[in-house]
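Novice: I need the structure of the sequence given here:
(one chain, ligands or ions: 1)
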Amino acid sequence: MEPPILEVRNLVKHYADVEAVKGISFSIRPGTCFGLLGPNGAGKTTTIEVIEGILPETSGEILYKDAPRGESFSREAGIQFQNTELPMFLTVGETLETFRHLYTKRAGREALIAICRLEEILKRDNRKISGGQKQRLLLAMALANDPDLIFLDEPTTGLDPQARRHLWEIVENLKRDGKTVVLTTHYMDEAEKLCDELAIMDHGRIIAMGATEALLSAHCRGSSIFLPGTANDDTFATLTTPWFRLKDGRIAIQTENPDSSLRELVAMGIDLSGIVVMPQNLEDLFLKLTGKALRN
Ligand SMILES: Nc1ncnc2c1ncn2[C@@H]1O[C@H](COP(=O)(O)OP(=O)(O)OP(=O)(O)O)[C@@H](O)[C@H]1O
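Specialist: Residues are numbered from 1 along each chain as shown. Below you'll find the model as predicted:
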(Lines give C-alpha, C1' and ligand atoms only; values in the text may rest on other atoms or scores of the structure.)
Protein backbone atom coordinates (compact mmCIF):
# COMPACT_ATOMS: atom_id res chain seq x y z
CA MET A 1 0.00 0.00 0.00
CA GLU A 2 1.21 3.52 -0.77
CA PRO A 3 2.60 5.38 2.29
CA PRO A 4 0.32 8.06 3.73
CA ILE A 5 0.58 11.60 2.37
CA LEU A 6 -0.27 12.92 5.83
CA GLU A 7 0.04 11.37 9.26
CA VAL A 8 -1.19 12.84 12.53
CA ARG A 9 0.12 11.25 15.74
CA ASN A 10 -1.46 11.90 19.11
CA LEU A 11 -2.34 15.52 18.35
CA VAL A 12 -3.36 17.67 21.30
CA LYS A 13 -4.47 21.31 21.11
CA HIS A 14 -5.45 23.38 24.12
CA TYR A 15 -6.65 26.96 23.99
CA ALA A 16 -6.33 28.99 27.21
CA ASP A 17 -9.29 27.32 28.88
CA VAL A 18 -10.51 24.72 26.35
CA GLU A 19 -9.08 21.30 25.51
CA ALA A 20 -10.22 21.40 21.90
CA VAL A 21 -8.31 18.34 20.60
CA LYS A 22 -7.45 15.58 23.05
CA GLY A 23 -4.92 13.26 21.43
CA ILE A 24 -6.07 12.16 17.99
CA SER A 25 -4.20 10.07 15.41
CA PHE A 26 -4.98 9.25 11.81
CA SER A 27 -3.30 8.91 8.45
CA ILE A 28 -4.45 9.85 4.96
CA ARG A 29 -3.66 7.94 1.78
CA PRO A 30 -2.80 9.93 -1.36
CA GLY A 31 -5.58 10.42 -3.87
CA THR A 32 -8.38 9.92 -1.35
CA CYS A 33 -10.87 12.17 0.37
CA PHE A 34 -10.54 12.02 4.16
CA GLY A 35 -13.39 13.45 6.18
CA LEU A 36 -13.51 14.83 9.69
CA LEU A 37 -17.17 14.56 10.62
CA GLY A 38 -18.64 15.92 13.82
CA PRO A 39 -21.05 18.39 15.38
CA ASN A 40 -20.31 22.06 16.09
CA GLY A 41 -17.47 22.38 18.55
CA ALA A 42 -16.15 18.84 18.05
CA GLY A 43 -12.66 20.13 17.21
CA LYS A 44 -12.63 19.71 13.42
CA THR A 45 -11.52 23.23 12.48
CA THR A 46 -8.92 23.29 15.25
CA THR A 47 -7.52 19.98 13.98
CA ILE A 48 -7.14 21.12 10.40
CA GLU A 49 -5.84 24.56 11.34
CA VAL A 50 -3.11 22.89 13.40
CA ILE A 51 -2.30 20.55 10.51
CA GLU A 52 -2.22 23.51 8.12
CA GLY A 53 0.27 25.23 10.42
CA ILE A 54 -2.04 28.17 11.17
CA LEU A 55 -2.22 27.23 14.87
CA PRO A 56 0.62 25.69 16.90
CA GLU A 57 -0.04 22.25 18.37
CA THR A 58 0.14 21.74 22.14
CA SER A 59 1.74 18.34 21.53
CA GLY A 60 1.82 15.58 18.95
CA GLU A 61 3.40 15.00 15.60
CA ILE A 62 2.32 15.84 12.05
CA LEU A 63 4.15 14.24 9.14
CA TYR A 64 3.77 15.19 5.48
CA LYS A 65 5.13 12.57 3.09
CA ASP A 66 6.92 10.86 5.99
CA ALA A 67 8.72 13.99 7.26
CA PRO A 68 7.89 16.96 9.50
CA ARG A 69 6.03 19.62 7.52
CA GLY A 70 8.35 22.07 5.83
CA GLU A 71 8.68 24.07 2.69
CA SER A 72 7.27 21.31 0.46
CA PHE A 73 4.08 21.22 2.57
CA SER A 74 3.56 24.97 2.16
CA ARG A 75 4.16 24.68 -1.58
CA GLU A 76 2.00 21.63 -2.17
CA ALA A 77 -0.99 22.29 0.11
CA GLY A 78 -4.06 24.36 -0.76
CA ILE A 79 -6.39 25.72 1.90
CA GLN A 80 -9.99 26.82 1.66
CA PHE A 81 -10.91 28.62 4.85
CA GLN A 82 -14.34 28.49 6.42
CA ASN A 83 -14.94 32.24 6.62
CA THR A 84 -12.70 34.28 4.39
CA GLU A 85 -13.39 37.85 3.39
CA LEU A 86 -12.76 38.43 -0.31
CA PRO A 87 -10.77 41.49 -1.38
CA MET A 88 -13.16 44.38 -2.02
CA PHE A 89 -13.25 46.34 -5.29
CA LEU A 90 -11.94 43.38 -7.31
CA THR A 91 -13.81 41.20 -9.75
CA VAL A 92 -13.79 37.42 -9.50
CA GLY A 93 -11.36 37.22 -12.43
CA GLU A 94 -9.00 39.79 -10.90
CA THR A 95 -9.07 37.98 -7.55
CA LEU A 96 -8.15 34.73 -9.22
CA GLU A 97 -5.24 36.34 -11.07
CA THR A 98 -3.99 38.03 -7.91
CA PHE A 99 -3.92 34.70 -6.09
CA ARG A 100 -2.34 32.77 -8.98
CA HIS A 101 0.51 35.25 -9.07
CA LEU A 102 1.37 34.64 -5.43
CA TYR A 103 2.88 31.31 -6.47
CA THR A 104 5.71 30.22 -8.74
CA LYS A 105 4.00 26.90 -9.43
CA ARG A 106 0.47 27.79 -10.40
CA ALA A 107 -2.60 26.14 -11.89
CA GLY A 108 -3.62 27.29 -15.38
CA ARG A 109 -6.13 30.14 -15.34
CA GLU A 110 -8.48 28.51 -17.83
CA ALA A 111 -8.34 25.17 -15.99
CA LEU A 112 -9.22 26.83 -12.68
CA ILE A 113 -12.10 28.71 -14.26
CA ALA A 114 -13.43 25.48 -15.78
CA ILE A 115 -12.91 23.31 -12.68
CA CYS A 116 -14.63 25.80 -10.39
CA ARG A 117 -17.22 26.92 -12.94
CA LEU A 118 -16.41 30.60 -12.79
CA GLU A 119 -16.97 31.43 -16.49
CA GLU A 120 -20.12 33.44 -16.01
CA ILE A 121 -19.02 35.47 -13.00
CA LEU A 122 -15.47 36.46 -13.96
CA LYS A 123 -16.39 40.11 -14.46
CA ARG A 124 -18.58 40.33 -11.41
CA ASP A 125 -17.58 42.32 -8.34
CA ASN A 126 -16.69 40.05 -5.40
CA ARG A 127 -19.33 41.81 -3.33
CA LYS A 128 -22.07 40.80 -5.75
CA ILE A 129 -21.69 37.03 -5.87
CA SER A 130 -23.91 34.43 -4.19
CA GLY A 131 -22.83 32.09 -1.37
CA GLY A 132 -22.29 29.18 -3.75
CA GLN A 133 -20.32 31.36 -6.18
CA LYS A 134 -18.17 32.62 -3.29
CA GLN A 135 -17.39 29.05 -2.21
CA ARG A 136 -16.38 28.20 -5.79
CA LEU A 137 -14.10 31.25 -5.93
CA LEU A 138 -12.59 30.36 -2.53
CA LEU A 139 -11.95 26.87 -3.84
CA ALA A 140 -10.30 28.26 -7.00
CA MET A 141 -8.09 30.39 -4.74
CA ALA A 142 -7.18 27.28 -2.72
CA LEU A 143 -6.28 25.51 -5.97
CA ALA A 144 -4.25 28.43 -7.36
CA ASN A 145 -0.91 26.75 -6.54
CA ASP A 146 -2.06 23.45 -8.15
CA PRO A 147 -1.82 21.69 -4.75
CA ASP A 148 -1.48 17.94 -4.17
CA LEU A 149 -3.26 18.18 -0.82
CA ILE A 150 -6.38 20.33 -0.41
CA PHE A 151 -8.05 21.31 2.87
CA LEU A 152 -11.72 22.21 2.72
CA ASP A 153 -13.28 23.40 5.98
CA GLU A 154 -17.05 22.98 5.83
CA PRO A 155 -17.17 24.06 2.20
CA THR A 156 -20.94 23.65 1.82
CA THR A 157 -22.25 25.09 5.08
CA GLY A 158 -25.03 27.52 4.30
CA LEU A 159 -25.31 26.59 0.62
CA ASP A 160 -28.56 25.62 -1.09
CA PRO A 161 -28.91 22.01 -2.31
CA GLN A 162 -27.93 22.81 -5.90
CA ALA A 163 -24.81 24.74 -4.87
CA ARG A 164 -23.85 21.89 -2.52
CA ARG A 165 -24.13 19.37 -5.34
CA HIS A 166 -21.96 21.61 -7.58
CA LEU A 167 -19.28 21.63 -4.93
CA TRP A 168 -19.55 17.86 -4.49
CA GLU A 169 -18.96 17.39 -8.23
CA ILE A 170 -15.89 19.61 -8.06
CA VAL A 171 -14.47 17.59 -5.15
CA GLU A 172 -15.13 14.34 -7.02
CA ASN A 173 -13.26 15.71 -10.04
CA LEU A 174 -10.31 16.73 -7.86
CA LYS A 175 -10.14 13.17 -6.55
CA ARG A 176 -10.30 11.84 -10.10
CA ASP A 177 -7.27 14.03 -10.88
CA GLY A 178 -5.34 12.26 -8.11
CA LYS A 179 -5.53 15.08 -5.55
CA THR A 180 -5.88 14.33 -1.85
CA VAL A 181 -8.71 16.14 -0.09
CA VAL A 182 -9.18 16.70 3.64
CA LEU A 183 -12.73 17.81 4.32
CA THR A 184 -14.53 18.81 7.49
CA THR A 185 -18.28 18.67 7.58
CA HIS A 186 -21.23 18.17 9.84
CA TYR A 187 -23.36 16.86 6.99
CA MET A 188 -23.39 13.08 7.10
CA ASP A 189 -24.75 12.81 3.53
CA GLU A 190 -21.78 14.85 2.31
CA ALA A 191 -19.38 12.62 4.25
CA GLU A 192 -21.01 9.48 2.82
CA LYS A 193 -20.90 10.80 -0.72
CA LEU A 194 -17.38 12.25 -0.83
CA CYS A 195 -15.18 10.61 1.78
CA ASP A 196 -13.28 7.38 1.24
CA GLU A 197 -12.28 7.38 4.89
CA LEU A 198 -13.78 9.10 7.86
CA ALA A 199 -12.91 10.06 11.40
CA ILE A 200 -15.98 10.93 13.44
CA MET A 201 -15.12 13.47 16.15
CA ASP A 202 -16.90 14.51 19.30
CA HIS A 203 -15.54 16.63 22.19
CA GLY A 204 -12.01 16.65 20.75
CA ARG A 205 -11.74 12.88 20.35
CA ILE A 206 -12.15 10.46 17.46
CA ILE A 207 -15.01 8.17 18.38
CA ALA A 208 -15.10 6.11 15.17
CA MET A 209 -12.79 5.86 12.20
CA GLY A 210 -12.43 3.78 9.06
CA ALA A 211 -13.37 3.39 5.43
CA THR A 212 -16.80 4.97 4.91
CA GLU A 213 -18.19 1.80 3.33
CA ALA A 214 -16.86 -0.35 6.17
CA LEU A 215 -18.31 1.95 8.83
CA LEU A 216 -21.67 1.90 7.11
CA SER A 217 -21.78 -1.86 6.66
CA ALA A 218 -20.52 -2.60 10.18
CA HIS A 219 -22.72 -0.16 12.06
CA CYS A 220 -25.59 1.01 9.86
CA ARG A 221 -27.23 -2.14 8.55
CA GLY A 222 -30.48 -1.71 10.41
CA SER A 223 -33.31 0.80 10.23
CA SER A 224 -34.27 3.79 12.29
CA ILE A 225 -37.85 4.43 13.30
CA PHE A 226 -38.73 8.04 14.10
CA LEU A 227 -41.83 8.89 16.11
CA PRO A 228 -43.24 12.31 16.93
CA GLY A 229 -42.31 12.67 20.58
CA THR A 230 -45.75 13.05 22.11
CA ALA A 231 -45.42 10.04 24.47
CA ASN A 232 -43.23 10.51 27.55
CA ASP A 233 -39.97 8.62 28.09
CA ASP A 234 -41.49 6.06 30.52
CA THR A 235 -43.65 4.75 27.69
CA PHE A 236 -40.53 3.41 25.95
CA ALA A 237 -38.86 1.95 29.04
CA THR A 238 -39.62 -1.66 28.09
CA LEU A 239 -38.57 -1.34 24.44
CA THR A 240 -36.04 -4.09 23.60
CA THR A 241 -34.05 -2.01 21.09
CA PRO A 242 -31.99 1.18 21.67
CA TRP A 243 -34.01 4.41 21.56
CA PHE A 244 -33.14 8.07 21.95
CA ARG A 245 -35.00 11.31 22.60
CA LEU A 246 -33.71 13.80 19.99
CA LYS A 247 -33.27 17.52 20.72
CA ASP A 248 -36.30 18.30 18.56
CA GLY A 249 -38.39 16.03 20.81
CA ARG A 250 -38.78 13.10 18.39
CA ILE A 251 -38.03 9.54 19.44
CA ALA A 252 -35.48 7.60 17.34
CA ILE A 253 -35.53 3.81 17.65
CA GLN A 254 -32.66 1.81 16.14
CA THR A 255 -33.51 -1.72 15.08
CA GLU A 256 -32.19 -4.61 13.02
CA ASN A 257 -35.77 -5.79 12.55
CA PRO A 258 -38.26 -2.99 11.85
CA ASP A 259 -41.14 -5.46 11.49
CA SER A 260 -40.82 -6.82 15.02
CA SER A 261 -40.11 -3.34 16.45
CA LEU A 262 -43.29 -1.99 14.89
CA ARG A 263 -45.27 -4.94 16.34
CA GLU A 264 -43.69 -4.21 19.72
CA LEU A 265 -44.74 -0.55 19.53
CA VAL A 266 -48.30 -1.51 18.60
CA ALA A 267 -48.40 -4.03 21.49
CA MET A 268 -47.22 -1.24 23.81
CA GLY A 269 -50.20 0.83 22.66
CA ILE A 270 -48.07 3.56 21.08
CA ASP A 271 -49.74 5.79 18.52
CA LEU A 272 -47.89 5.27 15.22
CA SER A 273 -49.29 8.34 13.42
CA GLY A 274 -46.53 10.34 11.77
CA ILE A 275 -44.05 7.45 11.96
CA VAL A 276 -41.03 7.44 9.60
CA VAL A 277 -38.88 4.36 8.95
CA MET A 278 -35.50 4.86 7.26
CA PRO A 279 -32.37 2.82 6.52
CA GLN A 280 -29.61 3.78 8.97
CA ASN A 281 -26.79 6.11 8.01
CA LEU A 282 -23.83 7.81 9.67
CA GLU A 283 -26.19 10.05 11.61
CA ASP A 284 -27.51 6.92 13.34
CA LEU A 285 -23.98 5.75 14.08
CA PHE A 286 -23.25 9.08 15.77
CA LEU A 287 -26.47 8.81 17.75
CA LYS A 288 -25.57 5.25 18.77
CA LEU A 289 -22.10 6.33 19.94
CA THR A 290 -23.00 9.57 21.71
CA GLY A 291 -26.73 9.45 22.42
CA LYS A 292 -27.20 12.73 20.57
CA ALA A 293 -27.82 13.79 16.99
CA LEU A 294 -25.03 15.21 14.80
CA ARG A 295 -27.09 18.21 13.79
CA ASN A 296 -29.76 19.73 15.96
N1 LIG B 1 -9.63 30.61 19.43
C2 LIG B 1 -10.26 29.87 20.35
N3 LIG B 1 -10.13 30.12 21.66
C4 LIG B 1 -10.74 29.35 22.59
N5 LIG B 1 -11.52 28.30 22.31
C6 LIG B 1 -11.70 28.01 21.02
C7 LIG B 1 -11.08 28.77 19.97
N8 LIG B 1 -11.45 28.22 18.76
C9 LIG B 1 -12.25 27.18 19.06
N10 LIG B 1 -12.41 27.04 20.40
C11 LIG B 1 -13.17 26.00 21.11
O12 LIG B 1 -12.58 24.75 20.79
C13 LIG B 1 -13.58 23.76 20.61
C14 LIG B 1 -13.47 23.16 19.21
O15 LIG B 1 -13.81 24.16 18.25
P16 LIG B 1 -13.69 23.93 16.68
O17 LIG B 1 -14.01 25.22 16.02
O18 LIG B 1 -12.39 23.31 16.40
O19 LIG B 1 -14.84 22.85 16.44
P20 LIG B 1 -15.53 22.45 15.07
O21 LIG B 1 -15.77 20.99 15.16
O22 LIG B 1 -14.74 22.93 13.92
O23 LIG B 1 -16.90 23.23 15.14
P24 LIG B 1 -17.70 23.99 13.95
O25 LIG B 1 -18.35 22.89 13.16
O26 LIG B 1 -18.68 24.81 14.72
O27 LIG B 1 -16.70 24.80 13.17
C28 LIG B 1 -14.90 24.45 20.88
O29 LIG B 1 -15.23 24.24 22.23
C30 LIG B 1 -14.59 25.92 20.64
O31 LIG B 1 -15.45 26.75 21.39
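Novice: and the residue of the stretch 151-296 of the chain closest to the ligand?
Specialist: Per C-beta to the nearest ligand atom, residue 186 is where the stretch 151-296 of the chain lies closest to the ligand, at 5.5 Å. Any C-beta I mention is one placed from the backbone N, CA and C, and that applies to glycine too.
Novice: give the contact list for that residue.
Specialist: 37-40, 42, 44, 154, 157, 294-295 (C-beta atoms under 8 Å, 6 or more residues apart in numbering).
Novice: now the buried members of those residues.
Specialist: Buried residues within the contacts of residue 186, defined by neighbour count using 16 or more other C-beta atoms under 10 Å: 37-39, 42, 44, 154, 157, 294.
Novice: dump those to TSV, plus pLDDT, secondary structure and distance to the ligand.
Specialist: Compiled in TSV, the buried ones among the contacts of residue 186 are given as follows (pLDDT from 0 to 100; DSSP: H, G, I helix; E, B strand; the rest coil; distance: C-beta to the nearest ligand atom, whole Å):
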residue	pLDDT	secondary structure	distance to the ligand
37	93	strand	9
38	89	coil	5
39	87	coil	7
42	93	coil	4
44	93	helix	4
154	90	coil	6
157	83	coil	8
294	66	coil	10
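Novice: may I have the phi/psi pair for residue 227?
Specialist: Listed backbone geometry of residue 227 is phi -120, psi 140, with angles given as degrees, to the nearest 10.
Novice: now do it, the pLDDT please.
Specialist: According to the predicted model, the pLDDT of residue 227 comes to 92.
Novice: okay, it and residue 250: tell me how far apart.
Specialist: Separation of residue 227 from residue 250 (C-beta to C-beta, to the nearest Å) stands at 6 Å.
Novice: again with residue 169
Specialist: Distance check for residue 169 against residue 250: by C-beta to C-beta, it reads 33 Å.
Novice: and stretch 268-278, which residues are buried?
Specialist: Residues residue 270 are the ones in stretch 268-278 that count as buried (16+ other C-beta under 10 Å).
Novice: other residues contacting it?
Specialist: Counting by C-beta under 8 Å, 6+ apart, residues outside stretch 268-278 touching it are 223-228, 230-231, 235-236, 238-239, 258, 262, 265-266.
Novice: buried subset of these as a ChimeraX selection?
Specialist: Filtering the contacts of stretch 268-278 down to the buried ones (16+ other C-beta under 10 Å) takes a single ChimeraX command:
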select :223,224,225,226,227,235,236,239,258,262,265
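Novice: okay, and which of the contacts of stretch 268-278 map to helices?
Specialist: Using DSSP state H, 258, 262, 265-266 are the members of these that sit in helices.
Novice: next up, phi/psi of residue 149, please.
Specialist: Comment: the main-chain dihedrals of residue 149 come out as phi -120, psi 120, following degrees, to the nearest 10.
Novice: what score does it have for pLDDT?
Specialist: Residue 149 is assigned a pLDDT of 96 by the prediction.
Novice: list the beta-bridge partners for residue 244.
Specialist: Partner residues in beta bridges with residue 244, using DSSP bridges, are residue 252.
Novice: which residues in the stretch 151-296 of the chain form helices?
Specialist: With DSSP state H, counting those that start in this stretch, the ranges of helices along the stretch 151-296 of the chain come out as 161-176, 188-194, 212-219, 258-267, 282-290.
Novice: gap between the first one and the chain center?
Specialist: Read that as helix 161-176. Its chain's average C-alpha position is 13 Å from that of helix 161-176, according to C-alpha atoms, centre = their mean, to the nearest Å.
Novice: get me the contact residues on this protein for the ligand.
Specialist: Proximity of the chain to the ligand is confined to 15, 18, 20, 38, 40-46, 186 under the rule C-beta under 6 Å from any ligand atom.
Novice: which one of those residues is nearest to residue 130?
Specialist: Taking C-beta to C-beta as the measure, residue 130 sits nearest to residue 186 out of the residues of the chain next to the ligand, at 21.6 Å.
Novice: against residue 163, how distant is that closest one?
Specialist: 17 Å.
Novice: now do residue 69
Specialist: Applying C-beta to C-beta, one obtains 32 Å for the distance of residue 69 from residue 163.
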